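[1] Just need the structure, nothing else, for what follows:
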Amino acid sequence: MNYIQKGNDIIIWQNDFNLDETLDCGQAFRWRKIDSDFDCSYTGFFLNQPLTISTKDGQFIFHNTTEQDFLNIWMDYFDFKTDYSEIKKLLSRDKTLAKACKFASGIRLLRQDSWEVLCSFIISQNNNIPRIKGIISRLCEHYQGFPTPQELANENIDSLSFLRAGFRAKYILDASRLVASGELDLDKVAIMPIDDARKALMTIKGVGPKVAECALLFGMYRTEAFPIDVWIKRVLEEYYPEGFPSFAKNISGIAQQYLFHYIRNLEKSTSQLV
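    All right, here's what the predicted structure looks like:
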């Protein structure tokens, strides 16, 4: 990756990166596409650090960003140190994954905050993306940023009624109290053997296998985690009845992202892989 500083912007050239495929693929909920004079622009947050990012003519523009913030925050967040060309080359040993990688070649796995991801995917249960974003937006507006576990631990069901989160509110409270008290240490969970990490996360009320896998993959960069929803379940049943390819085990979570994006966007209209 090459970059230059131009005024208050950082301009980079980066392969295997697409804003729509990365920021609107269901792994993060605080990014919003905006109108601009560029080919594509998004505005959003990481750890309450704001960013507007655009693309034009193959360049990516990090607006109003210092070189220090780019190198210390955004390079890691967008996983720019990982060679996705090599990942796709490996995954393409499987014909179905090869098609998925080609279809959604610009997906990158964001390195997000573990608490924010855990809370966000608790909110995501039996929910759609616009409503998830609405709940998270109200949460951040109320606290002037994404709240800490300690801030949320002081709330109760009634005080969280402004979220309009329904049954999820009690799960948010349980998660925040466990994390705030130290009973559940997310930093320790992030480095546990994967099965132990899953069990630890599922001690939270309302956190089942899917939310646990999402928290591990998107919030802790555990690339062996493999969230299964209705789309992925269909792919596994139809194309991998004998199991997911063993060669992809350590990066199966990244493979899942390619498959999920491919199936979600293509099978809605074609009803089968092409």
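[2] could I have stretch 175-189 exported to CSV, CA atoms only?
    Output of stretch 175-189 as CSV, limited to C-alpha atoms (Å, rounded to 0.1, in the frame of the first residue of the first chain):
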residue,chain,number,x,y,z
ALA,A,175,-23.5,-8.2,28.9
SER,A,176,-22.5,-4.8,30.2
ARG,A,177,-22.7,-5.9,33.9
LEU,A,178,-20.6,-9.0,33.3
VAL,A,179,-17.9,-7.0,31.3
ALA,A,180,-18.0,-4.0,33.7
SER,A,181,-17.5,-6.2,36.7
GLY,A,182,-14.6,-8.0,35.2
GLU,A,183,-16.4,-11.3,35.4
LEU,A,184,-16.1,-11.5,31.7
ASP,A,185,-12.8,-10.1,30.4
LEU,A,186,-13.0,-9.6,26.7
ASP,A,187,-9.3,-9.2,26.3
LYS,A,188,-8.8,-12.7,27.8
VAL,A,189,-11.6,-14.1,25.8
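[3] For Asp57, see how far away the nearest residue to Asp229 once chain neighbours are set aside is.
    For Asp229, ignoring the flanking residues on the chain, the nearest one in space by CB to CB, 6 or more residues apart in numbering is Lys210 at 6.6 Å. (C-beta placed from N, C-alpha, C; glycine too.) Lys210 is 39 Å from Asp57, where distance means CB to CB, to the nearest Å.
[4] Neighbour count for those two, which is higher?
    Lys210 (15 against 6; other CB atoms under 10 Å).
[5] Check whether the more buried one really touches Phe226, as I assumed.
    No: in this structure Lys210 lies outside contact range of Phe226 using CB atoms under 8 Å: 10.1 Å.
[6] If the closest residue to Arg32 other than its chain neighbours is in a bridge, with which residues?
    For Arg32, ignoring the flanking residues on the chain, the nearest one in space by CB to CB, 6+ apart is Thr43 at 5.7 Å. Judged by DSSP bridges, the bridge partners of Thr43 are Arg32, Thr52.
[7] Contact partners for Thr43?
    Applying CB atoms under 8 Å, 6 or more residues apart in numbering, we find Thr43 in contact with 31-32, 34, 50-53.
[8] Make a PyMOL selection of the buried ones in those.
    Filtering the contacts of Thr43 down to the buried ones (16 or more other CB atoms under 10 Å) takes a single PyMOL command:
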select buried, resi 31+51+52+53
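[9] Which one of the contacts of Thr43 is nearest to Gly7?
    Thr52 (14.0 Å; CB to CB).
[10] Next, work out how far apart that closest one and Ser124 are.
    Distance from Thr52 to Ser124, by CB to CB: 25 Å.
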